[in-house]
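J.: everything below, folded, please.
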Amino acid sequence: MPGYVWIPFIVLGVLLLLLGVLAILGRWRNGRYLRPIVKQLSRIGFMRRWFQRMSTSALERSNPELASAVKKMQQFGEPTTPEQVQRAMRVLTPQERRVYMEAAGQETADFEPTNRQQRRRLEHGGPGMPMRPADAGSTRPGATGRKAQAKKKKR
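T.: Numbers count the residues shown, from 1 in each chain. Model (predicted):
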């Protein structure tokens with residue numbers, strides 16, 4: 001038998017092996033090691049559309065109300081101000097709003113900080129650094145000390 005006959009079987013075997021590895025990575029530790037692979041593959045246009053189509057169809061099967069809420073929020077776009085968030089929430093029905101808020105709460109609860117910066121953000125609850133008091137004055141290091149000393153000398 002010639003060697004070129006085995007090529008389709010080898011290709012099929014490699015594809016099955018790749019599919020098996022992806023299935024195992026998806027099941028192991030809740031897909032933690034599959035996420036970076038999917039993130040890299042999402043840079044390709046048709047793969048991103050394929051992943052979005054798969055996730056929306058799975059969401060429609062498991063929770064149709066949440067799927068319709070997510071579709072409406074995607075059509076509205078990414079809100080950047082609180083007013084835009086309120087306008088986007090007005091588009092949803094009360095039941096969709098409730099389901100969407102529950103899902104958003106679960107999403108933030110499942111967040112695992114992966115590095116020091118994310119752990120600090122989680123601890124402080126802000127964009128990365130604790131809030132500075134309003135009466136702190138200048139942002140330069142040591143500036144408030146010089147001002148305080150100057151005021152004491154004048155008195």
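J.: measure the residue nearest to residue 66 when sequence neighbours are not counted to residue 14 for me?
T.: Nearest residue to residue 66, sequence neighbours excluded (C-beta to C-beta, 6 or more residues apart in numbering): residue 99, at 4.8 Å. C-beta coordinates here come from the backbone N, C-alpha and C atoms, glycine included. Residue 99 is 41 Å from residue 14, where distance means C-beta to C-beta, to the nearest Å.
J.: for residue 63, same thing?
T.: If you go by C-beta to C-beta, the gap between residue 63 and residue 14 works out to 36 Å.
J.: so for those two, which residue has more residues nearby?
T.: Applying other C-beta atoms under 10 Å to residue 63 and residue 14 shows that residue 63 carries more neighbours, namely 15 against 10.
J.: low-confidence ranges in the chain?
T.: For the chain, applying pLDDT under 70 flags the ranges 107-113, 125-155.
J.: ok, residue 33 - contacts?
T.: By C-beta atoms under 8 Å, 6 or more residues apart in numbering, residue 33 lies in contact with residue 25.
J.: and what about it, helix, strand or coil?
T.: Of the three states, residue 33 takes coil according to DSSP: H, G, I helix; E, B strand; the rest coil.
J.: tell me the phi and psi of it?
T.: Dihedral pair for residue 33: phi -90, psi -10, per degrees, to the nearest 10.
J.: which element follows the helix ranked longest in the chain toward the C-terminus?
T.: Using DSSP state H to define each element, the chain has its longest helix at helix 7-27. Note on helix 7-27: by DSSP states H and E, the next helix or strand toward the C-terminus is helix 35-41.
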